[in-house]
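1. Here is the input, now give the coordinates:
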Amino acid sequence: MEIIGIDLGSNSLRGVRMEVRDNGANKEFVVLKESDFTVRTAEGLEESGEICKAAVCRIIEGLLQMREVLGVSSADRVVALTTQAMRKARNKEEVLQEIFAKSGIRFRVINGEMEAKITTLAPKIALEKLKVQNEKYDKDCFLLVDMGGASSEFIVCGLEMELAKSFEIGIVSAKDRFKSAENLKACKDEFLMPIVAFVESCKGRGMIPKFLVANSGTPTLVCGFKLGLKKYDSKAVFGKTLLRGDFVRVLQEFLRLNMESQIAIFGEFKADVVPFGIALFTCFMEALGFEECLVMDEGLREGAVIASVMGEI
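-> Model (predicted):
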């Protein structure tokens, strides 16, 4: 059985075709094809409260290309989810209807709690494989941070339960709100205090994270840049470790590039938010006391497939 999972986030549009194989008591989820586009869904959302026309056009164009890459047909089972930008936009109904009319993909808007839960599904499966190779990750509790365009999900994952919360701060909303990475750092207590309070409350319940997992675009981008990848490769960044200093160094290297080089490496709709993403994630690491993070690419799009098979959505 093959299933398509699509994640329309506040900055990125990500799709995957997965094969679901029965392995006795367990199911194996194998990635066959994947596709990614930067669509900047949340562009201008902070000021206007709406998804702008340009973003809608980018989403539709990305979906049409994604259909070709993933080989989507009318016979396919497609699980398409969208998150914070659509949750927040007052024109979401008309936007989603236009997207469906022009692309044939019908999205479901999920709340922050469900987003956090689904986001953890694929990383937890990946960690089961990884901890066999490295006992460093064979721990009873970890923190997963999924930093998106308009929100960031913090999920404390234990052996018997998960505690999760979504916060309305992401790389695009940070750019729109703070205007510069320097101003973001100067105002960091504004958005960090509730995040730290949440993680501390989890610790008070005995859920003490032993390591940090990052599966969002900024850490994977920084990892790819550090590895010198000419083209992003999700398999190449999987299981790699980034130190807090790696984020600082990559930001310095990025800022030394001229605008043309920045766009050539990171893309037209991603380059201008790179400094905000790196600064924001560094703030998260500093505030929560982590010197390093484990990088993996698995997230909501893979989780959408897994959750569908498990009957959770």
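2. hey, let's count contacts and neighbours off CA atoms from now on
-> OK.
3. Can you give me every residue that contacts the residue nearest the centre of the chain?
-> With distances taken as CA atoms, centre = their mean, Ser216 lies nearest the centre of the chain, 3.6 Å away. By CA atoms under 8 Å, 6 or more residues apart in numbering, the contact set of Ser216 is Val145, Asp146, Met147, Gly148, Asp297, Gly299.
4. cool, Val78 as well?
-> Shown in contact with Val78 (CA under 8 Å, 6+ apart): Ile3, Ile4, Gly5, Ile6, Ile105.
5. which pair in the residues you listed spans the largest distance?
-> Comparing all pairs in the contacts of Val78 by CA to CA, the longest separation belongs to Ile3 and Ile105, at 13.7 Å.
6. where do the strands sit along the stretch 201-313 of the chain?
-> Taking DSSP state E, counting those that start in this stretch as the test, the strands found in the stretch 201-313 of the chain are 212-214, 240-243, 292-295.
7. Could you do the stretch 51-200 of the chain as well?
-> 77-82, 108-109, 141-147, 152-158, 162-167.
8. quick one, which of these is nearest to Asn23?
-> Nearest of the strands of the stretch 51-200 of the chain to Asn23, taken as CA to CA: strand 77-82 at 21.1 Å.
9. average pLDDT for that closest one?
-> Strand 77-82 shows a mean pLDDT of 98.
10. Any buried residues in that strand, and which?
-> By 16 or more other CA atoms under 10 Å, the buried positions in strand 77-82 come out as Arg77, Val78, Val79, Ala80, Leu81, Thr82.
11. neighbours of Lys235, just the number please.
-> Using other CA atoms under 10 Å, Lys235 has 10 neighbouring residues.
12. Equivalent analysis for the one 10 residues further on, please.
-> Close neighbours of Gly245, defined as other CA under 10 Å, add up to 12.
13. give the contact list for it.
-> No contacts exist for Gly245 under CA under 8 Å, 6+ apart.
14. repeat that for 10 Å
-> Taking CA atoms under 10 Å, 6 or more residues apart in numbering as the criterion, Gly245 is in contact with Leu251, Thr282, Glu291, Glu292.
15. Quick check: it vs Phe284, distance?
-> 13 Å (CA to CA, to the nearest Å).
16. ok, now Leu32?
-> 33 Å.
17. who touches Gln234 in this structure?
-> One thing to correct before we go on: residue 234 is Ser, not Gln. Applying CA under 10 Å, 6+ apart, one finds that Ser234 lies in contact with Glu34, Thr220, Leu221, Gly224, Val295, Met296, Asp297, Glu298.
18. Now for the residues you listed: which two are most distant?
-> Spatial extent of the contacts of Ser234 (CA to CA) is set by the pair Glu34 and Val295 at 18.0 Å.
19. who has more neighbours, those two?
-> Val295 (23 against 19).
20. Val222 versus the more buried one, what's the distance?
-> Val295 is 10 Å from Val222, by CA to CA.
21. okay, and the common contacts of the two?
-> Any residue near both Val295 and Val222 by CA under 10 Å, 6+ apart counts here, and that gives Val237, Leu242.
22. thinking again about what came up before, could you point out which of the contacts of Val78 is nearest to Ala271?
-> Using CA to CA, Ile6 comes nearest to Ala271 of the contacts of Val78, at 23.2 Å.
23. Paired strands for the helix or strand harbouring the closest one, with orientation please.
-> Using DSSP states H and E, Ile6 maps to strand 2-8. The strands beside strand 2-8 in its sheet (DSSP bridges) come out as strand 12-23 (antiparallel), strand 77-82 (parallel).
24. Given whichever helix or strand comes after the longest one, what are its sheet partners and their directions?
-> So the one you mean is strand 12-23. Along the chain past strand 12-23, the next helix or strand (assigned with DSSP H and E) turns out to be strand 26-38. Neighbouring strands of strand 26-38 in its sheet, by DSSP bridges, are strand 12-23 (antiparallel).
25. Could you check how sure the model is about the partner strand, as an average pLDDT?
-> 93.
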